[in-house]
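Student: Sequence plus predicted model, see below.
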Amino acid sequence: MEQQAGRESAAQSKEFVKEITPQAVDYSQWYIDVILKTEMMDYAPVKGCMAIRPFGFAIWEKIQELLGGRIKETGHDNAYFPLFIPQALLQKEAEHVEGFAPEVAWVTRGGGEVLAEPLVVRPTSEAIICDFYSRWIQSWRDLPVLINQWCNVVRWEKSTRPFLRTSEFLWQEGHTCHRTEDEAEAETLKMLEVYREFLETQMAIPVIPGRKTEQEKFAGALRTYTVEALMSDGRALQAGTSHNLGQHFAQVFDITFMDQDDQLKHVWQTSWGVSTRLIGALIMVHGDDRGLKLPPRMATIQAVIVPILSKKAREEVLGAVRALAEQLKSIVRIKLDDREEYSPGWKYNEWEMKGVPVRIELGPRDLEKNQVVLVRRDNGVKETVAIAELPARLPLLLEEMQRDMLQSALAFREAHTHTGSDYRYFQEVMENERGLYLASWCGREECELKAKNDTKATIRCIPFNIKSEHENCLVCGEKARETVYFARSY
RNA sequence: CGGGGCGUAGCGCAGCUUGGUAGCGCGCUUGGUUCGGGACCAAGAGGCCGGAGGUUCAAAUCCUCUCGCUCCGACCA
């Protein structure tokens, strides 16, 4: 049954693809079609880079507004740190440099001269920020330091994919310093929870919070936590991360403070981030054969009014929709599409492709009865509503849709989550329909790597509060120590 | 970096086997009729056939070299 569902959604994707580009056939082409057709982005002259066009950037701005708001509410201030990092700084933390070395971009010349010390373009800002922190922090009174920055970073990846993995991407990175280990751990988990809450309530993307394995953790971290989401093609995506950095960076960057007990101590640090990858997740989780679906809270345009203009009733209909737009603009984010050079059918397709949650149709027939037709983007359901009812009905409808979209994404994830101790079955699942696989694990890297070799699936996370029913490791069959989710990932 | 595929109009492609001076769909422009699920008719505009060299009376087409893109494998938010 679950396989059925998988096939169905793949077939739907193919149909959409046929409609907009007859020659394309697979899911990844569907994804590319959606982002190009909706004018979210365009490829750049440099491989792996892209321009984010206004329609795509509007989603990022929503993330900045809603998530950025939460980051501030939780006590963090925004700041900005330099793009260039002296090579020596990056090299201070051994694991860190080793983790990022293959993918850093170097600047070797400046002002026409060869630089005495090459610079790296930040792949992440721990090194440069720690350098500042070591001077900013002297006393326990300076703690905690709770800073966030919105910026771009560069990672020279071997294979790229728009939004999900680009050579340059925009993100938000929080960098905090604390007096104690407990405080740092609490901060790490608090921000993970901020991400979980944001993804589920605003983006309608259900996620699994958990801890990364040693193999998968951030280079230089003590512990890495993650929120993992399942895309509609059965692959998992790390939607956000939060790291407890321990004292590794504090030690090499010499970030110390005089504590109340008269002892010189190293700070305990955290860092956490989400990126423009979330835009990709939004598309892949909710999109269908007609294009994009935006959850109402993320939509810049929540409802679009499409007038049906005929020769006889043109003026009356235009008058009515203009009045309606004026009346509704303080209630929902509304757009009146009164362009006369496009037919109504063309506009329906256009706005459906762009994912606008609700379409409001108003034509001569409706005008006579003082009503409009509402059409939901998520499930296509139409309803007729009296114009007088609209100010009350519309916000309720949007909230219903917000809930329904989360529910249907959740139902999809549940339908595509498998479990069991049969390794052969695990291999079959990962080969065919993919999805998540909940299993027990002995905790040895050897088994983790064997699974990866056999199936390309990695341990996405060790979830909180979820226990497998099986006592033995999926891979080796020995006594298990952890419950984990396996999946192929982006 | 190893293996495949592709460069022809803004986009997607045909033409190449068997050389004869470039075509289709979408889009674009203009005019008209339309508008309750991507409207129709008519008239247009737009191409050093990725680049360089060679063979030939003649090259998108054959040969050599080159550049770029893309998919699959090793790394990653």
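Tutor: Sure, I can see it. Numbering: from 1, shown residues only, chains lettered A, B, ... in the order given.

Student: three-state assignment of the residue of the stretch 51-200 of chain A found nearest RNA strand B?
Tutor: Of all residues in the stretch 51-200 of chain A, A:Lys158 sits closest to RNA strand B, with a separation of 3.5 Å (Cβ to the nearest atom of the strand). All C-beta spots, glycine's among them, are computed from the backbone N, C-alpha and C. Three-state call for A:Lys158 (DSSP: H, G, I helix; E, B strand; the rest coil): coil.

Student: Equivalent analysis for A:Ile59, please.
Tutor: Three-state call for A:Ile59 (three-state DSSP): helix.

Student: Check it and give its pLDDT.
Tutor: A:Ile59 is assigned 97 on the pLDDT scale.

Student: Equivalent analysis for A:Glu15, please.
Tutor: On pLDDT, A:Glu15 comes in at 44.

Student: now the closest residue to RNA strand B within the stretch 351-490 of chain A, nearest residue through space, not along the chain?
Tutor: Nearest to RNA strand B, among the residues of the stretch 351-490 of chain A, is A:Gly363, at 2.5 Å (Cβ to the nearest atom of the strand). Of all residues not flanking A:Gly363 in the chain, A:Ile308 sits nearest, at 3.1 Å (Cβ to Cβ, 6 or more residues apart in numbering).

Student: Please name the nearest non-neighbouring residue to the residue of the stretch 151-300 of chain A found nearest RNA strand B.
Tutor: Nearest to RNA strand B in the stretch 151-300 of chain A, going by Cβ to the nearest atom of the strand, is A:Gln238, at a distance of 2.9 Å. Among residues not flanking A:Gln238 along the chain, A:Thr226 sits closest, at 5.3 Å (Cβ to Cβ, 6+ apart).

Student: and the stretch 151-300 of chain A, which of its residues are near RNA strand B?
Tutor: When proximity is defined as Cβ under 7 Å from any atom of the strand, the stretch 151-300 of chain A approaches RNA strand B at A:155, A:157-159, A:161, A:164-167, A:169, A:218, A:226, A:237-238, A:241, A:273, A:275-277, A:290.

Student: so where is chain A shaky, pLDDT-wise?
Tutor: Within chain A, the stretches with pLDDT under 70 are A:1-26.

Student: Spatially central residue for it, please.
Tutor: The residue lying closest to the centre of chain A (Cα atoms, centre = their mean) is A:Leu278, at 2.0 Å.

Student: and it, how far is that from A:Ile387?
Tutor: 37 Å (Cβ to Cβ, to the nearest Å).

Student: excluding its backbone neighbours, what's nearest the residue of chain A positioned farthest from its centre?
Tutor: In chain A, A:Lys312 marks the outermost C-alpha relative to the chain mean, sitting 48.1 Å out by Cα atoms, centre = their mean. Computed as Cβ to Cβ, 6+ apart, the closest residue to A:Lys312 that is not its neighbour in sequence is A:Pro364, at 7.2 Å.

Student: need the contact list for the one you found.
Tutor: By Cβ atoms under 8 Å, 6 or more residues apart in numbering, the residues touching A:Pro364 are A:308, A:310, A:312-313, A:316-317.

Student: May I see the buried residues of stretch A:406-416?
Tutor: A:406, A:408-409, A:412-413, A:415-416 (16 or more other Cβ atoms under 10 Å).

Student: of those, list those near RNA strand B.
Tutor: Of those, not one also sits near RNA strand B (Cβ under 7 Å from any atom of the strand).

Student: Can I get those residues in TSV including secondary structure?
Tutor: As requested, these are exported to TSV (three-state DSSP):
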residue	secondary structure
A:Leu406	helix
A:Ser408	helix
A:Ala409	helix
A:Phe412	helix
A:Arg413	helix
A:Ala415	helix
A:His416	coil
